[in-house]
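Peer 1: I'd like to go over a predicted model; first the sequence, then the structure.
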Amino acid sequence: MNPSIISRRLLLLLKCFAALGLLAALEHLAPAQAWASPDNDGSQMPLSGEMIDLTIGEQLFRLDDRTAPAITINGTIPGPVIRLKEGQPATLRVTNRMEESTSIHWHGLLLPPAMDGVPGVSFAGIKPGATFTYRFPVKQSGTYWFHSHSGGQEMRGMYAPMIIDPIEPEPFRYERDYVVMLSDWSFESPETLFSNLKKQGGYYNFQKRAAGEFLTDVRRMGLWTAIKNYLMWDQMRMDPTDFADVTGYTFTYLMNGLSPAGNWTGLFRPGERVRLRFINAASMTFYDVRIPGLTMTVVQADGQNVQPVTVDEFRMGVAETYDVIVEPAEDRAYTIFAETMDRSGYARGTLAPRSGMSAEIPARRPRPLRTMEDMGMSMEGMDMPGMKMPGMNPSGDMANRNPSDDNPHREHMQHGSGTPPVQDMQEMPAMNADVQGRSKIPGAEPVKHGPDDHGPGNQMVAEYSQNRMGEPGRGLENSDRRVLRYTDLKSLEAYPDQREPEREIEMHLTGSMNRYMWSFNGKKYSEAPDPIRFRYGERVRLTFVNDTMMEHPIHLHGMWMHLENGTGAYLPRKHVVVVKPAERLSVAVTADAPGPWAFHCHLLLHMEAGMFRVVEVSDK
Amino acid sequence: MVLTGLLSEGIAATVASAQTVQETSMTPAATTPSTMPKTPGAPTPDASVTLAPSTGQEGVRPTVSQRRNWPAPVNDQEHRLFTLIDVLEYRPKTGGSQGHDDYRWDIEGWYGGDYNRLWFKSEGQRDTAFKADYDVDFQLLYGRFIRKYYDLQMGGRVETQSFKGGNVTRGLGVIGIEGLVPYNYDFESSLFIDQNGAVSARLAFTKDLLLTQRLILQTRFETNAAVQRVEEFTTGSGLNNLEFGGRLRYEIRREFAPYVGISLDRSFGETATLVRQDGGNPSQVRFVLGVRAWF
C-alpha cells in the first residue's frame, strides 16, 4: 500500500479527533506533509464532488532537516488537489482554524464577485473559527489553483491545485496526468522578508557585480568600456543584476511541496504521453522550466487550450499555469528542472519509469544582466560605443523581435538621426482578424513616454516602451533551445467576442527598488483606492507600460485578459500576463462580470506594497 | 443615479448580515450583490445575472464600491522602524602623539512609512581633527520623501562638546536633504542655525564598493563649513574640515558587519587654530576598528 495514503488517512483520522477538540494540540505538533511524496504513483488523490470541505490550520512544515510553522490547507503543502467537472455546481466550505483571518481565492475562475475570496474587495475575509461557504457554478475547464489572498499566508504554504475536467473531450491525448506545482519556501516570515526589502532593496541579492566580475569584464570588454559600463549603471542608480527581489539566499524552491533533495517523482511507462500541469504557485519566483532529453508540447496556458507548440523550455511568471505533454520514450529517468530566473536556485523533480530513480541535474546558467532595452532607453543610445552590455547582443535581440522587423521608425533610430519616433495614432491598430491569424500588436513600435514621471515612488520611466512578446525573456535570449514566447500562444479556437476594444486604459507599472515601493501610475493602492471602472458589456483594452526594470505578472480577477499578441482571431486568454521591463503590452477584456474585482501584480510583496487596484464592472 | 444611494444602504445591511451569518455558515446568496437591494422601489436584478453574467441580459447591475468595515486588501501603509549604525568604532591611539584611544559613532534611523518619516541621528566623536576632546550631537527631524531618491528633513539638533576643559551645549535648527545621488553615492547634507544665529553646514557622501558579495569597501567623505566663527565649538568661519575614510567590512549577515578602516581627517584655517589651542591635533590619520549594523 502506498505509504502516503496511510499518512493521509492518519492525518484525516487525527483531524476527526481534532474536530472534536480532543487532539487539537496534537495536530499542532504533527508536521505538515507534502502531498506528493517521493513515491507518488500519480494519483495525487484529488478531492472531488459537489461539496468539498477545506480546513485552514497552522502546522509545522518539515523541509529536509528543518521544521517551521506553516499554514496548510487540509494539513498539507500544497493543499489537496481539487478536481471538478465543468458544468457542475461547486460548494466549498472553508473553515479557519487559525488565530488570524484568512481567505481563499480561486485563481483564474470565473465566478460571482462575492465568491472571489479577496478580503476587502469580495468579502470581509474568514475570521478565526468561522466557516465560509463558497458556492459557484463551474463554467470552465483546465488547470487552475487556489490560494490565500490574506497578507503573506500564501508564502507560508497556503496554495493548492485545482483541476477542472472539460465536458467535451480534451483536444489532445495523454495516458498520465500530473500536477507539477512550483513554489518557494522561506524559513523567514513574509513580514521579515518585506521588512528587510523595505530597509535594503538589494537585501537578498548575492549576485551583484563585484570586483571579480569587473576584472573579468575588463579582460573581455577592455578597461575603458568596462568602466563606462559600470559607471553608467551607477550613474542611473540601477542594479543590472536585479532579477529577483527574494532569492535562493532565503528560499528553498519546491516542486509539489518537496525540495530539490526531496525529488518529487512522477512515474511513466516508456512511450506513454504524460500531461504535466505546471502551476507557478511561488510568491516571488519566476521559473525557467525544462526537461533535458524531452521536448514539451504546450497545450494549455492559464487553463485555456492553445494550438500545440513544441518547445524545449518555457518561462513561467508567478501564478501562470502551462500544461505540456511529454513523451518519454526511453526507460530512464528525466529531470524536471525549474531554474529560477535569477539563477540563484532551482526546483527539481523527476519523471521516471520506477520510483527511486534520478537523472543528472543540469548546471545552473550564469545570472543574466539587464540591458539598455530593459531600461527603455532611447534606442539611439544603443549604438553608441561603450553602451553595449555584456551578455547582450543588440542587433541579435532586435532580430528576435518579429514585430519590429519591418518598423521604419526603428530604421530611423538606428541611423541615429536624433528624431524620436512619433506615436502614429492613425496606425493604432485595426485589431480585427481580417488577416489570416495575424493582427497588429499594440506597441509594436516604440512609444515615447509622456511627461509624467509618476512621482517620487517611481525610480525611472521607460523612455521608449515597446512590445516584447516576441522575446523569450532576459537570460534566455541567446539560447540554442526553443523557448516559448508569448507570440507562440494561439488560442485553439477563436473566442466569440472579436470586437475591437472601444477604449484603452493605459496603466504604468511603477516602483522603486531603492525603497521597495511598488505601484501603478506611481500610486500605491492606498493612494488610489477608487476603482478603475469598466462599463458592463464593453470591450476595453488594458495597456500596460512597464516603467520598472523587473518583470511583473499582472493578474486580473473575474475576467479573461485576451493577450493582444498578433494572432488575429486567436488571441489567447490569460489570467496572468507577464510584462517585461520597458515593455508595452496590451490585453483586451470583455467586461462581462459585474462587480468589484482585484487587479494586481502577483509578486506577493509587490501586491502588499501597493501594486494593487480594484476594477469595477458596472453599467454606470 | 438614485440607485447608488439605495445600494449603499443595501451594502451596509449585507455586510452586517454577513458578519453575523459567518459565525456559523454563510450562504453565498447573502453576499451576492444582486440580492442586496431589498429596498422597495429598487429594481432587483435577477440572481442569474451575477451567476452567469455573460448571458448578456440587459438590466440594472449593481454598482458596488469599497465596503466599510472590511479590511484593506493590501497592507501598503505599514510603519517600520529602521536604525543604521553606520559607524561604531574604536580608534586606537597613534604612536608618539599625545592622543589617546578614542571612539566614534554615526547612527541614524527613521520610523514611518514610505513618504513620511521621523528621523533620528546621532554622531559622537572624540579627538578628531575637528574636535579636540569629545563632541556628541543628536538630531530629531521630520522627513518627507519629496523627490525621487531624496528626503527633505527638518527639525532640531542638540550638540554638546568640551571646550577648554568645560562642557558647552547648544541647540540648533536643522534643514537637510538626504538621499542617493547619481553614481550611487549616499548623500546627506544639513544646514544648521544655532540659537545665536550662527550658520553652519555639513555634507557627507558614502559609497559601497563590492570586492565580493560580502566584503565591501565603504568610502566616506565628510566636510563641515560655517559662516560665523563660534569659538567654543572650535568652529572657524569658512571650511572647517575634510575627512576621507575607507572602511572594509565583512557582512556576516546583511545586518551585521565588522570592519577595519582608515580615516584621514584635517581641519583648516581658523578651525585648525582653535582645535590646536584647545589641545587637539588638526591633522590626523587614524586606523579604526568597528562594527556596522542595522535593524
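Peer 2: Structure's in. What do you need? Note that the structure is a prediction, hence the values are computed from the model and not measured.
Peer 1: where exactly do the helices run in the chain?
Peer 2: Went with chain A since none was named. In chain A, helices defined by DSSP state H lie at A:3-19, A:24-29, A:190-199, A:211-221, A:223-235, A:372-375, A:394-400, A:408-414, A:604-609, listed in chain order.
Peer 1: switch to chain B, that's the one I care about
Peer 2: Using DSSP H, the helices of chain B run over residues B:2-22, B:28-31, B:47-51, B:269-277.
Peer 1: any figure for the gap between residue A:550 and residue B:130?
Peer 2: Applying CB to CB, to the nearest Å, the value for residue A:550 to residue B:130 is 43 Å. Just so you know, the C-beta spots here come from the backbone N, C-alpha and C atoms, and that holds for glycine as well.
Peer 1: what is the burial count for residue 226?
Peer 2: Answering for chain A, as no chain was given. Counted with other CB atoms under 10 Å in any protein chain shown, the neighbours of residue A:226 add up to 20.
Peer 1: that was the other one, I meant chain B.
Peer 2: 22.
Peer 1: okay, and the beta partners of the spatially most central residue of chain B?
Peer 2: For chain B, the residue whose C-alpha lies nearest the mean C-alpha position (CA atoms, centre = their mean) is residue B:110; its distance is 4.0 Å. In this entry, residue B:110 is beta-bridged to residue B:82, residue B:119, by DSSP bridges.
Peer 1: hang on, isn't residue B:177 packed against residue B:189?
Peer 2: Yes: applying CB atoms under 8 Å, one finds residue B:177 in contact with residue B:189, separated by 5.2 Å.
Peer 1: of these two, give the one with the bigger neighbour count.
Peer 2: Legend: neighbour count by other CB under 10 Å for residue B:177 and residue B:189, higher for residue B:177 (18 against 15).
Peer 1: let me know the pLDDT of the more buried one.
Peer 2: Confidence at residue B:177, expressed as pLDDT, is 98.
Peer 1: how many neighbours does residue B:244 have?
Peer 2: Residues near residue B:244, counting by other CB under 10 Å, number 14.
Peer 1: please name the residues that touch it.
Peer 2: If a contact means CB atoms under 8 Å, 6 or more residues apart in numbering or on different chains, then residue B:244 has B:219-221, B:263-264 as its contacts.
Peer 1: and of those residues, the nearest to chain A?
Peer 2: Distance to chain A across the contacts of residue B:244 (CB to the nearest CB) is lowest for residue B:219, with 12.9 Å.
Peer 1: circling back: quick one: which of residue A:550 and residue B:130 has more around it?
Peer 2: The neighbour count for residue A:550 versus residue B:130, taken as other CB under 10 Å, is higher for residue B:130 (29 against 23).
Peer 1: number of nearby residues for the residue nearest to that one when sequence neighbours are not counted?
Peer 2: Excluding its sequence neighbours, the residue lying closest to residue B:130 (CB to CB, 6 or more residues apart in numbering or on different chains) is residue B:241, at 4.4 Å. Each residue near residue B:241 was counted by other CB under 10 Å, and the total is 26.
Peer 1: what pairs with residue B:241 across the strands?
Peer 2: Note on residue B:241: beta-bridge partners residue B:224, residue B:267, judged by DSSP bridges.
Peer 1: also residue A:91?
Peer 2: Applying DSSP bridges, one finds that residue A:91 bridges with residue A:51, residue A:135.
Peer 1: dump the residue contacts of it.
Peer 2: Residues near residue A:91 by CB under 8 Å, 6+ apart: A:50-52, A:133-135.
Peer 1: check what pLDDT residue 82 gets.
Peer 2: As the question left the chain open, I've gone with chain A. For residue A:82, the predicted pLDDT is 97.
Peer 1: correction: the question concerned chain B.
Peer 2: Listed pLDDT for residue B:82 reads 98.
Peer 1: ditto for residue A:266
Peer 2: pLDDT for residue A:266: 96.
Peer 1: okay, now residue 131: neighbour count?
Peer 2: Here I'm looking at chain A. Other residues near residue A:131 come to 18 when the count uses other CB under 10 Å.
Peer 1: actually, chain B is the one I wanted.
Peer 2: Neighbours around residue B:131, by other CB under 10 Å: 23.
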